[in-house]
Each structure stands twice: as structure tokens, then as C-alpha cells.
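A.B. asks: next one to model:
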Amino acid sequence: MDLDDLIVHLEKEKQETLEQHAKRPCVRGNTSSSEEDEEKVVEDTAASDEEEEEEETEDDTDSDSDSEYVPFTPRRLMTDEEIREHRRQVAESNGFDVDWFEGILPGSIKPYTLTEANRPPLIDFSKQALKVYNESNNTTFIFDKLIKSNAQCVAGTMFYITFGAQSGNIHGTFRARVWEKIMDEGSQVMSCEKYIEELV
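C.D. replies: Numbering: from 1, shown residues only. Down below sits the predicted model:
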């Protein structure tokens, strides 16, 4: 069995385990047999139903409360076809152009939504990477705009940031990998390269 087959096999086992756990009832307390478990679930459900009825009669204004149980449905794992496509995209773009996949794959690179809250740190990371690029290449590019970002969970987060920068009449599109370390240990530029250059 080669590595790809092993990964696919392990992912299938994980998916089956997640599905089994999603089907199990919530049981409180330790019981010794499955019959006692079932009785406990029934007793707990009956007791909680009575409590809910009492609460509803006491306070009718709270009819949309959090008492309604919504079962957790885990997202499915990536299919074999999605895994192959994800790997192809990562290999071709070095992680910078990767689509969103419905299934999950631990450690995979995913598009990172740009919001008002997460734009400032990404801009800071871009400027940090551009500083390293300028020092290494004796250039004077100035950050212009954030274009997009992908992210990967590592010991923290690895960001694959695409941004624009300008130096005189030259506009460049840059790609930088910046590792934001866990436990507030700071960040580290892993790579920064000019991807596209054009005259403005």
C-alpha cells in the first residue's frame, strides 16, 4: 500500500468514525450496561421535557430560547477526487491559488475570507514580507493593496498572501508565505517573490 492509498484509507476510517459519533445519543453519567444507558437517556429526556414545559408556562416571552436541541452534523471529509484536485492546485500554484472544497482535509490549504477584522494583520504580514524582499533584492517597493489570501493550519497559521506593491512606475504582484506562530510567538516570513511585474 503506497502513501496515497494509506492516506485515503485513513481518511475513510476517520469519516466513518465521525458518522458513528454523530449518531450516538447524548448520555449523562456513567452506567454499566447498554440497557441502563437507554433508560438514562429516556429518563433525562422525560425530565428535560417536563422542565421545558414548566419554563414555557412560567415565561411565554422566551419561546425562541436555546432549549431546542440542534444535532451537530460534521462536515464530510474530502472525496478522493477532491483530494487529487486539491493536491494538483497546491502543486501548480505553491498554495496561492486553491479553490474552496466542500469536504475537509486536515492540514489542507484553504481560501481565507478577507474581512474588516482580519485585513489589518494580513496587511502587516504583507509589509513585513515586502521589507524582506526589498532588503534581499535592493529594491524600494511600497505596499499598495491586499489582493487575496489562503491559509493552512500548522503550529499556528501559514498565510499564502497575494498583494500588490509599487516602486516608481513599476507595479508588482507579490506572493508571500508568512507563518503566524502559536502562543503569540510572533510571525516569520517564509518566502516572498514578485509574481507579476508591469509598467504603470
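A.B. asks: ok, now which ones touch residue 107?
C.D. replies: Taking Cβ atoms under 8 Å, 6 or more residues apart in numbering, we find residue 107 in contact with 152-154. For every residue, glycine as well, the C-beta is placed using N, CA and C.
A.B. asks: let me redo that: residue 188
C.D. replies: Contacts of residue 188 by Cβ under 8 Å, 6+ apart are 178-179, 181.
A.B. asks: select from the residues you listed the one having the most neighbours.
C.D. replies: residue 178 (24 neighbours; other Cβ atoms under 10 Å).
A.B. asks: show me the contacts for it.
C.D. replies: By Cβ under 8 Å, 6+ apart, the contact list for residue 178 reads 125-126, 128-129, 158-159, 161, 187-190.
A.B. asks: buried among these? Need that as a selection in PyMOL.
C.D. replies: In PyMOL, a selection of the buried entries from the contacts of residue 178 looks like this (16 or more other Cβ atoms under 10 Å):
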select buried, resi 125+126+128+129+158+159+161+187+189
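A.B. asks: narrow the contacts of residue 178 to those in helices?
C.D. replies: Judged by DSSP state H, the contacts of residue 178 include 125-126, 128-129 as members of helices.
A.B. asks: now the strands for this protein?
C.D. replies: With strands called from DSSP state E, the chain shows them at 109-111, 142-154, 156-167, 170-181, 187-199.
A.B. asks: make CSV out of those and add mean pLDDT and distance to residue 10.
C.D. replies: Converted to CSV, the strands of the chain look like this (pLDDT from 0 to 100; distance: least, Cβ to Cβ, whole Å):
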stretch, mean pLDDT, distance to residue 10
strand 109-111, 94, 19
strand 142-154, 95, 18
strand 156-167, 95, 22
strand 170-181, 94, 26
strand 187-199, 85, 28
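A.B. asks: I'd like the ones you listed as a markdown table, with distance to residue 103 appended.
C.D. replies: A markdown table is the format used below for those (distance: least, Cβ to Cβ, whole Å):
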| stretch | distance to residue 103 |
| --- | --- |
| strand 109-111 | 11 |
| strand 142-154 | 16 |
| strand 156-167 | 20 |
| strand 170-181 | 24 |
| strand 187-199 | 27 |
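A.B. asks: residue 85 is nearest to which of those?
C.D. replies: strand 109-111 (12.5 Å; Cβ to Cβ).
A.B. asks: list the buried residues of the closest one.
C.D. replies: In strand 109-111, counting by 16+ other Cβ under 10 Å, buried: 109-110.
A.B. asks: what of stretch 114-124?
C.D. replies: Here stretch 114-124 shows residue 122 as buried, counting by 16+ other Cβ under 10 Å.
A.B. asks: list the contacts of that stretch.
C.D. replies: Counting by Cβ under 8 Å, 6+ apart, residues outside stretch 114-124 touching it are 112, 143, 146, 148-149, 159, 161, 163, 180.
A.B. asks: now flag whichever of the contacts of residue 188 is closest to residue 106.
C.D. replies: Using Cβ to Cβ, residue 179 comes nearest to residue 106 of these, at 17.8 Å.
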